[in-house]
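Novice: Show me the folded form of this:
(chains A and B)
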2 protein chains.
Amino acid sequence: MFPSLSIVRSAVCLVAALSLTSTEVPSKASVAAQKSKALVTYKPNGEMLPPSNYREWIYLSSGLDMSYSANPTDMTRFDNVFVNPDAYRSFLRTGSWPDKTVMVLEEREGRSKGSINKQGHFQGTNVMGMEVHVKDASRFPGQWAFFDFASPTANGTLFPKSAACYSCHAAHGAVDTTFVQFYPTLLPIARSKGTLSPEYVKESAAKQ
Amino acid sequence: MFPSLSIVRSAVCLVAALSLTSTEVPSKASVAAQKSKALVTYKPNGEMLPPSNYREWIYLSSGLDMSYSANPTDMTRFDNVFVNPDAYRSFLRTGSWPDKTVMVLEEREGRSKGSINKQGHFQGTNVMGMEVHVKDASRFPGQWAFFDFASPTANGTLFPKSAACYSCHAAHGAVDTTFVQFYPTLLPIARSKGTLSPEYVKESAAKQ
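Specialist: Sure thing, here's the model as predicted:
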């Protein structure tokens, strides 16, 4: 069900990650209590436990069958990206990501026929996989790291520094190695705060 | 830029709505303070002011070019659906929507070529329109009402009771006239709580 790590898939690791696991809807808890929980938790072997409530974080965007490869795929898959609320609020103020940012990329099946839908695609109940992009300067030498989850309940494994994720995000990410160019509510903020990366600005200018 | 109300579009009014306007990110405010704010505000003439911070509500799902009509459209459009957090938490507990639920359907441009993307679609910065589905028994005789926004800054106008929205949602909505069948994290909850509508259960059984 979950595709093995292809060039296409690893190149689509859009996201990034922090350090507080909140397992419950934060309705009754105070903001202070929420902050004391770890968003993500690591095992002694370095694996990351799957973030449990990322669907209640801030939604950034979705794509359908996005690929940075010219080769088409036969998958129909939505990518939904979420970020922890504290990092989002920090981005609104500054146009950049604070330490402990956690971004979750959920890969969900795309369906076409179902109920009364006759055209286009909607999202089904199958989660095909998940990736986390986390910023944690005390833990990762390059500040950011990518983790791959084969399912929503599997532990995440660290992508090695040689993975295409890192070089692709460094070369093309609009802000701090993240693909803010695909997050439509954040791109104007980065532009107004002057936090777009020189690489992205140059690449955008070349395409105009 | 914003398509006029076609059968396709009015039939795609997926969403539903409540009564509190929160104009700021609720980071510092207490839960109690947040609850005192109106999510949506009405003008004396019955128009609804555009909800200002729905992108910080709970994300339910996205579709691409969904249509309940067999006629294809030439639009590329993502529909993103958000619901206010209190209503979401109530749904997690009960499998149904409380009074004052507000759902926002954001229609956002779908783009294919941009930055390093070569396949599929991502979401652009243009919001093509918005609809709100609100549940407010004290305000609407049928409890639920749909509002149409021609842009994110325009006031919303009430769809008349004769609009296709109402009859379509009543006939096909999986839970309480809402299209929970397209909200993948909520459908299993409705199933387990036994809150699926008889119409939806019958329609699903007929398709199997």
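
Novice: what's the helix or strand for residue A:66?
Specialist: Per DSSP states H and E, residue A:66 falls inside strand A:58-67.

Novice: could you point out which element follows that strand?
Specialist: strand A:77-83.

Novice: Using CSV, list the CA coordinates for whichever helix or strand comes after that following strand.
Specialist: Scanning forward in sequence from strand A:77-83 by DSSP H and E, the next helix or strand is helix A:85-94. What follows is helix A:85-94, C-alpha atoms only, in CSV (Å, rounded to 0.1, in the frame of the first residue of the first chain):
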residue,chain,number,x,y,z
PRO,A,85,0.4,26.1,15.8
ASP,A,86,3.3,27.8,17.7
ALA,A,87,5.6,27.6,14.6
TYR,A,88,2.8,28.9,12.4
ARG,A,89,2.2,31.9,14.7
SER,A,90,5.9,32.6,14.7
PHE,A,91,6.0,32.5,10.9
LEU,A,92,3.1,35.0,10.7
ARG,A,93,5.2,37.4,12.8
THR,A,94,8.6,36.9,11.3
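
Novice: how big is the angle separating helix A:85-94 from strand A:58-67?
Specialist: On the basis of axes from the mean of the first three to the mean of the last three Cα atoms, to 10 degrees, helix A:85-94 is oriented at 90 degrees to strand A:58-67.

Novice: Specify the angle between helix A:85-94 and strand A:77-83 in degrees.
Specialist: 80 degrees.

Novice: Now do helix A:85-94: which elements does it pack against?
Specialist: Judged by 3 or more Cβ pairs under 8 Å, 6 or more residues apart in numbering or on different chains; DSSP states H and E, helix A:85-94 is in contact with strand A:101-111, helix A:187-193. C-betas here are computed from N, CA, C, even on glycine.

Novice: Quick one: mean pLDDT over whichever helix or strand comes after the shortest one.
Specialist: Scanning the chain past helix A:187-193 towards its C-terminal end, the next helix or strand to appear is helix A:198-207 (assignment: DSSP H and E). For helix A:198-207, the mean per-residue pLDDT is 88.

Novice: Just say which of the helices and strands packed on helix A:85-94 is most tucked in.
Specialist: Neighbour counts (mean count of other Cβ atoms under 10 Å in any protein chain shown) averaged over each of the helices and strands packed on helix A:85-94 peak at strand A:101-111, with a mean of 24.

Novice: near chain B at all, the strand holding residue A:66?
Specialist: Yes: against chain B, strand A:58-67 shows contacts by Cβ under 8 Å from any Cβ of the partner chain at A:58, A:59, A:61, A:62, A:63, A:64, A:65, A:66, A:67.

Novice: ok, of the helices and strands packed on helix A:85-94, where does mean pLDDT dip lowest?
Specialist: strand A:101-111 (a mean of 94).

Novice: and that strand, how far from the chain's centre?
Specialist: 7 Å (Cα atoms, centre = their mean, to the nearest Å).

Novice: Who does that strand pair with, and is each partner parallel or antiparallel?
Specialist: strand A:17-18 (antiparallel), strand A:77-83 (antiparallel), strand A:119-135 (antiparallel) (DSSP bridges).

Novice: Take those and write them to a markdown table, including mean pLDDT.
Specialist: Converted to a markdown table, the strands paired with strand A:101-111 look like this (pLDDT from 0 to 100):
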| stretch | mean pLDDT |
| --- | --- |
| strand A:17-18 | 26 |
| strand A:77-83 | 95 |
| strand A:119-135 | 92 |
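
Novice: Understood, closing this out.
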